[in-house]
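1. fold the following.
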Amino acid sequence: MSTAAAHSSHRRRQIGVQLERYGLVIGLLVLVAFFGAVRPDTFLSWGNISGMLGSQAILAIVALALIIPLTANDFDMSIASVLALASVIVAVLNAQMGVPLGLAIAAALAMGLVVGIINGFLITYFRIHSLIVTIGTGTFATGVAVWFSGAQTISGVDFALMQYVIVQRIFGIPIVFYYAVLLALIIWYVFEHTAIGRRVLFVGRGREVARLSGINTDRVRWGALIASSLLGAIAGILYCGTQGAADPSSGTSFQLPAFAAAFLGSTAIIPGRFNAWGTLIAVYFLVVGITGLIFMGMSSYVQSMFYGGALLVAVVLSQLVRGRAEQQF
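-> Numbers count the residues shown, from 1 in each chain. Here you go, the predicted structure:
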């Protein structure tokens, strides 16, 4: 092959790599342009844009939490239930029992820590698949949330929580959106620039190889599950702040889209790896798609169809991209 032909081939490969990395970003921009052209007065209004950014920040936090155990090749199916239980704990303790907001939040965080510890213990000590364990603990947590709340929505939470979640705004966007961006920045930094993040990546790529390399794989997996559960509890506290109330069934609406965003995000920015920025972009890609379809007159059931289809497509694409990345690795 001549030098010119080799250079041309290399350039095409580089363009292909960049398109793969930023394809989801391009797709997001295309969706915004399309729905903006179809519904310019409503979709492109600043109220709608700031509303999408703020209202879906909780979903972004849940999706970002999920990628921590997913990177270690574990699933956390309990995170949505932890979210619901954390919001119920805050609401019941604060609104019904008169417990100070700070103590109610501490109790919710302690619950998240306990669930993470239990998940990690059962998975690593008894060698039970994470999918089975976290489905079990999640179902149990849902039952506790229903029991503790009396199967009712609990309102009357201290307004101070809402003040630090949605009332305060920067550039017209609720501050909770910036919490999600900050979390993405922290997760990105940990995975890219710390030894802990590298260990999680190695464990996810091959536990036996990581163990033979001297990494305590059980400790890494346990830590990832604890981090996920704690972040799920934080998401629940923030969700309570967005609503000023808690609904014990609220967590179910986050599970499917969060996994869809996590897998879809693994096809972008750093293809073949679960990554924070890809996940954040994927969340708003899905949100823009749902919002735009609703603005075009689609019924509300389109949300389930869109998220379900997105999850299937995302899993297929992530497997293809990951397989190619492993071959190159």
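2. tell me where this structure has strands.
-> 154-155, 169-170, 173-174, 245-246 (DSSP state E).
3. what packs against the third one?
-> If you count contacts as 3 or more CB pairs under 8 Å, 6 or more residues apart in numbering; DSSP states H and E, strand 173-174 packs onto helix 46-55. Any C-beta I mention is one placed from the backbone N, CA and C, and that applies to glycine too.
4. what mean pLDDT does the helix it packs on have?
-> Regarding helix 46-55, the rounded mean pLDDT is 91.
5. in that helix, what's buried?
-> By neighbour count, and taking 16 or more other CB atoms under 10 Å as the criterion, the buried residues in helix 46-55 are 48-50, 52-55.
6. kindly report the same for stretch 145-159.
-> Within stretch 145-159, judged by 16+ other CB under 10 Å, the buried ones are 145-146, 148-149, 154, 157-158.
7. circling back to that earlier point, tell me which of the strands of the chain sits nearest to V302.
-> strand 173-174 (25.1 Å; CB to CB).
8. next one: the closest one to chain centre, how far?
-> Distance of strand 173-174 from the chain centroid (CA atoms, centre = their mean, to the nearest Å) equals 19 Å.
9. want to throw the strands of the chain into a markdown table with mean pLDDT?
-> Listed next are the strands of the chain as a markdown table, based on pLDDT from 0 to 100:
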| stretch | mean pLDDT |
| --- | --- |
| strand 154-155 | 94 |
| strand 169-170 | 92 |
| strand 173-174 | 94 |
| strand 245-246 | 94 |
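10. how about low-confidence regions in the stretch 1-150 of the chain?
-> Within the stretch 1-150 of the chain, the set of residues satisfying pLDDT under 70 comprises 1-17.
11. which stretches in the stretch 101-250 of the chain count as helices?
-> Along the stretch 101-250 of the chain, the segments classed as helices by DSSP state H, counting those that start in this stretch run 101-125, 130-149, 159-162, 175-193, 195-205, 207-212, 217-243.
12. for those helices, give me TSV that also has distance to L70.
-> Converted to TSV, the helices of the stretch 101-250 of the chain look like this (distance: least, CB to CB, whole Å):
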stretch	distance to L70
helix 101-125	14
helix 130-149	10
helix 159-162	29
helix 175-193	12
helix 195-205	8
helix 207-212	14
helix 217-243	9
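13. return the most buried member of those.
-> Among the helices of the stretch 101-250 of the chain, judged by mean count of other CB atoms under 10 Å, the one packed with the most neighbours on average is helix 217-243 (a mean of 25).
14. how big is the angle separating it from helix 195-205?
-> 110 degrees (axes from the mean of the first three to the mean of the last three CA atoms, to 10 degrees).
15. I figured M162 hits G244, correct?
-> Yes. If you go by CB atoms under 8 Å, M162 and G244 touch, sitting 5.3 Å apart.
16. dump the residue contacts of the residue lying closest to R207 once chain neighbours are set aside.
-> Counting by CB to CB, 6 or more residues apart in numbering, T217 is the residue found nearest to R207 once chain neighbours are left out, at 4.9 Å. Contacts were defined as CB atoms under 8 Å, 6 or more residues apart in numbering; by that measure T217 touches 203, 207, 210-211.
17. closest one to V82 out of those, please.
-> Closest approach to V82 among those (CB to CB): V203, at 22.4 Å.
18. quick one: that closest one and R219 touch, right?
-> No. Using CB under 8 Å, V203 is not in contact with R219, being 9.6 Å away.
19. may I see the buried residues of stretch 303-310?
-> Result for stretch 303-310 [16+ other CB under 10 Å]: buried residues 303, 306-307, 310.
20. for A224, see how far away the closest residue to R211 other than its chain neighbours is.
-> Spatial nearest neighbour of R211, chain neighbours left out: T217 (5.0 Å); criterion: CB to CB, 6+ apart. Between T217 and A224 the computed distance is 11 Å (CB to CB, to the nearest Å).
21. ok, now L320?
-> The value you get for L320 to A224, if CB to CB is used, is 25 Å.
22. what's the answer for S250, then?
-> 25 Å.
23. try A86
-> Relative to A224, A86 is positioned 19 Å away (CB to CB).
24. what does I166 give?
-> In this structure, I166 and A224 are 30 Å apart, going by CB to CB.
25. same thing with V315?
-> With the distance defined as CB to CB, V315 ends up 20 Å from A224.
26. before we move on, what about G204?
-> Distance check for G204 against A224: by CB to CB, it reads 9 Å.
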